[in-house]
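1. Please find the sequence and the predicted model below.
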Amino acid sequence: MIGTAEGRRRPRFRLEPYVEFARTAMAREATYRFDVFTTIGSFVVRVYLLRMVWTALYAHNAAPHELSRHAIITYSAVALLMGIVMDIDQTRALKDKLHDGSIATDFLKPIIVPFYFFADGTGEVLFHAVLLIPATLIALLIFHIIVPAPAVLAAFALSFFLGYMVGFFLNFLLNCSAFWTLEISAVQLIVTWLTDLFGGELIPLILFPAFLQNFIYALPFAAMFSTPLLIYVGVIPPSRYLESMGLQLVWIVVLALVSTVMWRAGSRRIVVQGG
Amino acid sequence: MGLGLRRMAGVYRQYWRINILTTLEYRENFLVWFAFTFVYHGSSIAALWIVLSRFPSMNGWSFRDMAFLYAIWMVAHALHNTLFSTVGEIPEHIRDGEFDRLLVRPLDTLFQAIATPGQVFPDELVLAIFTFVAATIYAGVHVDALFLTFIPPIVIGGALIDLGINLIISTAAFWFVKVDALRWIFVQLEQEFTRYPITIYTRSVRLVLTFVFPFAFMNYFPARYFLHKGMSGLGLPPVAGLLTPAIGVVFVALAYVFWRFGLNRYQGVGH
């Protein structure tokens, strides 16, 4: 009855359906307009709070030579801007569809199902990306964040995109675990908190104690936030762009491979359950 | 009146019996959520430690002081979560019409809302008490009769401040129905603004945290008193740290007046 991902003949790839999926996701998100207010409001308050925190810390201690007070406030503001699009549970549709069983009919459709989730998540993320415009204006006009040279900005944008892909695959992997276990929201929250801390979203990783840094750089979280942010504030100089973004790329490839394996194993399970 | 209280006590006992039985039934679920609670508080304290290992002083507060500051808030907050988290579910009951059933039953509506069973377990509170004891020793706080007498009412007062906020937001649901975003903002603000001594904030923020939403009384003022930190920034004497129980009672009373006001005007959401 239900075709497997592999057993079915692969349909000829067409891009249009996925563009449409993304568009639908954007329209769906647009119905929750109050979230706009919450997102912007919480962004302003948090940057304001972090500015007070860093100001107090820099006033009473020797400043770290890598980051001036202005640079670290910029770092925090840009990290929170990135969070607006990064902190989205973009493939939660996978989990929801596994819970209510509607994933079965998706396998019947002439689409590549993981691409559907990518398109759906991207649509949601693009809607939230619109919020970046007012939030960035606020960051520039009220908090006077540093704007680096265009070349650095371009490198930041590329690294941000790579970080987004790392985040996508991590999120997809977590939601994939719903193939095996139903209660994953607590695990997801745990991973969110670890990402905030070990990804350098809250505190720049270069300020961590040395013995912790070795451990943190071995995790994929730094590739999500820390790399683009350190490029933005100039701690990672142009001579190290290739190396830093190469590492991000390695994480994308590794996580994509693991995702493929998990997805194959998971979707086979669906068929077994469906008889 | 006496009979009413006895009935309430009976209902409340049943409420806890169901909570505990539910938790025992879903043991794995409970363990996963406990891990979440642990990581949540653990990563907050770790973040403070990382920052203060690089910048040893936050306006004169060391990591030891900050750990004590966090621990007082943690106990009060955990006490609130254990006893009153159900108040936060009122907007959901209003939305799905469940709330209207509470109105026709012969017991106080708010009490019924508080005693709606779910999967509540005092695990966070136990964790918080351990953390508090450890932080007290670590911070070198002088434990005397005064400390032992005042800490329990201070913690209860802090939980009442939390309850007041929770109740005000839930009452707003009588008019706005969906208040999740509002609650989310307040939860975030409370967590982040109680983490640091209020002297690092601008004067207007200090005034709001002291006199409008008195989160500073949950932990900053008591911690300042027990750690003998002189400066305040608002001209309040150190002994203000012992006022938390009174502030908690007054704040929750104001929230209750607002609740009664909203309840009397409540017309239902059209079920």
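-> Happy to help now that I have it.
2. what helix or strand is the residue nearest to B:M66 when sequence neighbours are not counted on?
-> Residue nearest to B:M66 in three dimensions, not counting chain neighbours: B:L48, with 5.2 Å by CB to CB, 6 or more residues apart in numbering or on different chains. C-beta coordinates here come from the backbone N, C-alpha and C atoms, glycine included. Taking DSSP states H and E as the definition, B:L48 sits inside helix B:27-54.
3. and what of A:T181?
-> A:T181 belongs to no helix or strand, assigned by DSSP H and E.
4. Could you tell me how many residues sit around it?
-> Residues lying near A:T181 (other CB atoms under 10 Å in any protein chain shown) number 10.
5. Next: B:L21.
-> With neighbours defined by other CB under 10 Å, the count for B:L21 comes to 10.
6. any idea how far it is from chain A?
-> Using CB to the nearest CB, to the nearest Å, B:L21 is found at 19 Å from chain A.
7. could you say which helix or strand contains that residue?
-> Assigning secondary structure by DSSP H and E places B:L21 in helix B:2-25.
8. and the lengthiest helix in chain B, does that touch chain A?
-> Ranked by number of residues, the top helix in chain B under DSSP state H is helix B:145-176. No - Helix B:145-176 is not in contact with chain A by CB under 8 Å from any CB of the partner chain; minimum separation 9.4 Å.
9. now the angle between helix B:145-176 and the very next helix or strand once past that helix, please.
-> For helix B:145-176, the succeeding helix or strand toward the C-terminus, using DSSP H and E, is helix B:180-193. Orientation check (axes from the mean of the first three to the mean of the last three CA atoms, to 10 degrees): helix B:180-193 against helix B:145-176 gives 160 degrees.
10. Restrict the helix or strand that B:H77 is a member of to CA atoms and write it as CSV.
-> In the assignment (DSSP H and E), B:H77 maps to helix B:63-84. The C-alpha coordinates for helix B:63-84 follow below in CSV (Å, rounded to 0.1, in the frame of the first residue of the first chain):
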residue,chain,number,x,y,z
PHE,B,63,30.8,34.6,41.1
ARG,B,64,30.2,33.3,44.7
ASP,B,65,27.9,36.2,45.3
MET,B,66,26.1,35.8,42.0
ALA,B,67,25.6,32.0,42.7
PHE,B,68,23.8,32.9,45.9
LEU,B,69,21.8,35.6,44.1
TYR,B,70,20.7,33.0,41.5
ALA,B,71,20.0,30.3,44.2
ILE,B,72,17.5,32.5,46.1
TRP,B,73,15.7,33.2,42.9
MET,B,74,15.8,29.6,41.9
VAL,B,75,14.2,28.4,45.2
ALA,B,76,11.4,31.0,45.1
HIS,B,77,10.8,30.4,41.4
ALA,B,78,10.7,26.6,41.8
LEU,B,79,8.3,26.9,44.8
HIS,B,80,6.0,28.9,42.6
ASN,B,81,6.3,26.4,39.7
THR,B,82,5.5,23.6,42.1
LEU,B,83,2.5,25.1,43.7
PHE,B,84,1.1,27.6,41.2
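11. Report the buried residues of the longest helix of chain B.
-> B:150-151, B:154-174 (16 or more other CB atoms under 10 Å in any protein chain shown).
12. and the gap between B:G88 and chain A?
-> 17 Å.
13. what do you get for B:W33?
-> Remark: distance between B:W33 and chain A (CB to the nearest CB) = 5 Å.
14. Isn't that residue up against A:I184?
-> No - the pair B:W33 and A:I184 does not pass the contact test of CB atoms under 8 Å, sitting 11.9 Å apart.
15. Check which residues of the helix holding B:H77 are buried.
-> For helix B:63-84, by 16+ other CB under 10 Å, it's B:63, B:65-84.
16. What average pLDDT does the top helix by length along chain A get?
-> When chain A is parsed with DSSP H, its longest helix is helix A:241-274. Helix A:241-274 shows a mean pLDDT of 87 in the predicted model.
17. got it, and stretch A:71-81?
-> 95.
18. And stretch B:58-77, by the same measure?
-> Mean per-residue pLDDT for stretch B:58-77: 95.
19. Quick one: distance of that stretch to the chain centre.
-> Centroid displacement of stretch B:58-77 relative to its chain, using CA atoms, centre = their mean, to the nearest Å, is 16 Å.
20. Over to stretch B:15-28?
-> Here stretch B:15-28 is found 22 Å from its chain centre; the criterion is CA atoms, centre = their mean.
21. Please work out which residues outside it touch it.
-> With CB atoms under 8 Å, 6 or more residues apart in numbering or on different chains as the test, stretch B:15-28 has contacts from A:E183, B:F30, B:A115, B:T116, B:P117, B:G118, B:Q119, B:V120, B:F121.
22. how does it look with 6 Å?
-> With contact meaning CB atoms under 6 Å, 6 or more residues apart in numbering or on different chains, stretch B:15-28 is reached by B:F30, B:A115, B:P117, B:Q119, B:V120, B:F121.
23. same question, stretch A:133-151
-> Defining contact as CB under 6 Å, 6+ apart, one finds that stretch A:133-151 is touched by A:I40, A:F43, A:V47, A:T74, A:A77, A:L81.
24. any idea how far whatever residue of the stretch 101-250 of chain B ends up closest to chain A lies from B:V120?
-> Sorted by distance to chain A under CB to the nearest CB, the residues of the stretch 101-250 of chain B start with B:I200, at 3.7 Å. Distance, B:I200 to B:V120, by CB to CB, to the nearest Å: 35 Å.
25. Count residues in the vicinity of B:Y26, would you?
-> For B:Y26, the neighbour count with other CB under 10 Å is 13.
26. how near is it to B:P117?
-> B:Y26 sits 13 Å away from B:P117, going by CB to CB.
27. one step back: now the angle between helix B:180-193 and the helix holding B:L48, please.
-> Helix B:27-54 and helix B:180-193 are oriented at 40 degrees to each other (the same axes, to 10 degrees).
28. what inclination does helix B:27-54 have with respect to helix B:2-25?
-> Inter-element angle recorded for helix B:27-54 and helix B:2-25: 90 degrees (by the same axes, to 10 degrees).
29. Mind telling me which residue of the stretch 151-275 of chain A is nearest chain B?
-> Going by CB to the nearest CB, chain B is nearest to A:A186 of the stretch 151-275 of chain A, at 4.3 Å.
30. which bits of the stretch 151-271 of chain B sit near chain A?
-> B:A181, B:I185, B:E192, B:I200, B:Y201 (CB under 6 Å from any CB of the partner chain).
31. Name the residues of the stretch 101-250 of chain A found near chain B, please.
-> Within the stretch 101-250 of chain A, the positions near chain B by CB under 6 Å from any CB are A:E183, A:A186, A:L189, A:I190, A:W193, A:L197, A:L202, A:I203, A:L207, A:F208, A:P209.
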